[in-house]
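Student: Need a 3D model of the following:
(one chain, ligands or ions: 1)
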Amino acid sequence: MRILVTGGAGFIGSHLVRRLVADEQNVVVNLDALRYSGNLENLADLVGHPRHTFVRGDICDVKAVEDVFREHGIAAVINCAAETHVDRSILDPDQFARTDVIGTGVLLEASRKAKVTRFLQVSTDEVYGSVERGHSKEGDVLDPRSPYSASKAGGDLLVRSYWTTYRFPALITRGSNTYGPNQYPEKFIPLFITNAIDDQPLPLYGDGRYRRDWLSVFDHCSGIEHALRQGEPGTIYNIGGGNERENIAVAETILSRLGKPKSLLRFVQDRPGHDRRYAIDCGRLRESGWAPAVSFEEGLRATIDWYRDNQTWWRKIKSGEFRTYYEQMYGQRLKDGTSCVS
Ligand code: TYD
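Tutor: As a prediction, the model looks like this:
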């Protein structure tokens, strides 16, 4: 199958491309704009691979997208291209509406004209909003609360409308918080691992007791591929790891694995509109035969070891544009922060 993966130089996208090209029956065309978190080093082992073609381009660019369909004869599309970081969406919401809503619309329309047999939208459990109790199901009302999750919800609604209106064979997956190697170090787990390696403070928002369900990137990619192959068009599938943890517990595990003291933990000013908890019911995908394979303890340990052993990869990122972002996001917070050790 000739599959177009967008955002294939990013974190989840690059793992997905690697997984798909490992199957001899797949040819992957990888369209990525190489914005701040897209990184060709994530694909270094695929350079020259006979079944992988990289194309630089933005999903908002109608001509670039149409050219890919014309030149490569695409049968299926997986849309991983997205702006994904909540904190950046608070600083710069416009870019989120552009990529996550308009870009999805451009890709949908080009895919419909090209008559692809499957279109899978990679979405997020954040579209359900904060879930104080229980677990979100696919049919639940959406209640996104950040510019990021609102933009993703907008993209999801467009995708749904293509199924309803045109019977266009679209599916949506909603993954929970994903972690693993090659994740851009603005996100909680890689930020805390890399800061701890450098003996820098770990900034816990609020009381540190916010809860997320952690999903290994390998399980997330197996879930996406499973939904693409076994899923019903017009259907949404939650993908979760079943590993609900408080942020402070995850931070303590990271410190302990790296042999660093708890005194590196700092309680800092909270994120505005911070969702207390995400939790999803994954019964639908599990009933179709998918299950996660990586335990959180094992996956987190392997991820910490990867960052410890691949410092060139993240040091290059952290010494660039990231420094300005970090200062803006954390400079004052860390000055005002309090130690978690009394
Ligand atoms: P994040 O990785 O940004 O994912 P999301 O907010 O999309 O779930 O954050 C995961 C959790 O960690 C979330 O509750 C916010 C918290 N967090 C911190 O406490 N400090 C930080 O510096 C970051 C980036 C996140």
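Student: switch to C-alpha atoms for all contacts and neighbour counts from now on
Tutor: Noted.
Student: Angles on the backbone of Leu31, please.
Tutor: Note on Leu31: backbone dihedrals following degrees, to the nearest 10 are phi -110, psi 120.
Student: isn't it right next to Leu4, touching?
Tutor: Yes. Assessed by CA atoms under 8 Å, Leu31 is found in contact with Leu4 at 7.2 Å.
Student: Show me which residues of the stretch 151-300 of the chain sit near the ligand.
Tutor: Asn177, Glu186, Lys187, Phe188, Pro203, Leu204, Tyr205, Gly208, Tyr210, Asn247 (CA under 6 Å from any ligand atom).
Student: sec struct for the fifth one, please.
Tutor: For Pro203, the secondary structure call by DSSP: H, G, I helix; E, B strand; the rest coil comes out as strand.
Student: Kindly provide the distance from it to Phe267.
Tutor: 6 Å (CA to CA, to the nearest Å).
Student: In strands, which of the residues of the stretch 151-300 of the chain next to the ligand appear?
Tutor: Among these, the residues falling in strands (DSSP state E) are Asn177, Pro203, Leu204, Tyr205.
Student: now those residues as JSON lines including neighbour count and pLDDT?
Tutor: Shown next, in JSON lines, are those (neighbours: other CA atoms under 10 Å; pLDDT from 0 to 100):
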{"residue": "Asn177", "neighbour count": "25", "pLDDT": "98"}
{"residue": "Pro203", "neighbour count": "25", "pLDDT": "98"}
{"residue": "Leu204", "neighbour count": "26", "pLDDT": "98"}
{"residue": "Tyr205", "neighbour count": "20", "pLDDT": "98"}
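Student: Which of these sits closest to Ile197?
Tutor: Pro203 (14.2 Å; CA to CA).
Student: Report the contact partners of the closest one.
Tutor: Pro203 is in contact with Phe192, Leu265, Arg266, Phe267, Val268, Tyr330, Leu334, Gly337, counting by CA atoms under 8 Å, 6 or more residues apart in numbering.
Student: Mind doing that once more with 10 Å?
Tutor: Shown in contact with Pro203 (CA atoms under 10 Å, 6 or more residues apart in numbering): 188, 191-192, 195, 251, 264-270, 330, 333-334, 337-339.
Student: For it, give the beta-bridge partners.
Tutor: Judged by DSSP bridges, the bridge partners of Pro203 are Arg266.
Student: again with the one 10 residues further on
Tutor: Beta-bridge partners of Asp213, counted by DSSP bridges, are Glu244.
Student: okay, it: pLDDT?
Tutor: pLDDT recorded at Asp213 is 98.
Student: is it true that it touches Thr178?
Tutor: Yes. If you go by CA atoms under 10 Å, Asp213 and Thr178 touch, sitting 8.5 Å apart.
Student: if I look at those two, which residues touch both of them?
Tutor: Counting by CA under 10 Å, 6+ apart, the shared contacts of Asp213 and Thr178 are Gly240, Gly241.
Student: Just the element for the nearest residue to Gly7 once chain neighbours are set aside, please.
Tutor: Distances taken as CA to CA, 6 or more residues apart in numbering put Ala81 closest to Gly7, at 3.8 Å, once the chain neighbours are dropped. Assigned by DSSP states H and E, Ala81 belongs to no helix or strand.
Student: neighbours of Ala81, just the number please.
Tutor: If you count neighbours by other CA atoms under 10 Å, Ala81 ends up with 26.
Student: can you pull the contacts of it?
Tutor: Going by CA under 10 Å, 6+ apart, the list of residues near Ala81 reads 5-10, 12-13, 31-33, 38, 58-59, 99-100, 103-104, 121-122.
Student: Any regions of this protein where pLDDT drops low?
Tutor: Along the chain, segments meeting pLDDT under 70 span 342.
Student: Break down the stretch 1-150 of the chain into its helices, ranges please.
Tutor: Using DSSP state H, counting those that start in this stretch, the helices of the stretch 1-150 of the chain run over 11-21, 62-72, 86-91, 93-96, 104-113, 147-166.
Student: Pipe the ones you listed into CSV and attach mean neighbour count per row.
Tutor: Formatted as CSV, the helices of the stretch 1-150 of the chain follow (neighbours: other CA atoms under 10 Å):
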stretch, mean neighbour count
helix 11-21, 22
helix 62-72, 15
helix 86-91, 17
helix 93-96, 18
helix 104-113, 19
helix 147-166, 20
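Student: Got the phi and psi for the closest residue to Asp58 other than its chain neighbours?
Tutor: Nearest residue to Asp58 in three dimensions, chain neighbours excluded: Ala33, at 4.6 Å (CA to CA, 6+ apart). The phi and psi values for Ala33, taken as degrees, to the nearest 10, are phi -80, psi -10.
Student: picking up where we left off before, got any residues that touch both of Pro203 and Phe267?
Tutor: Residues touching both Pro203 and Phe267 (CA under 10 Å, 6+ apart): Arg333, Leu334, Gly337, Thr338, Ser339.
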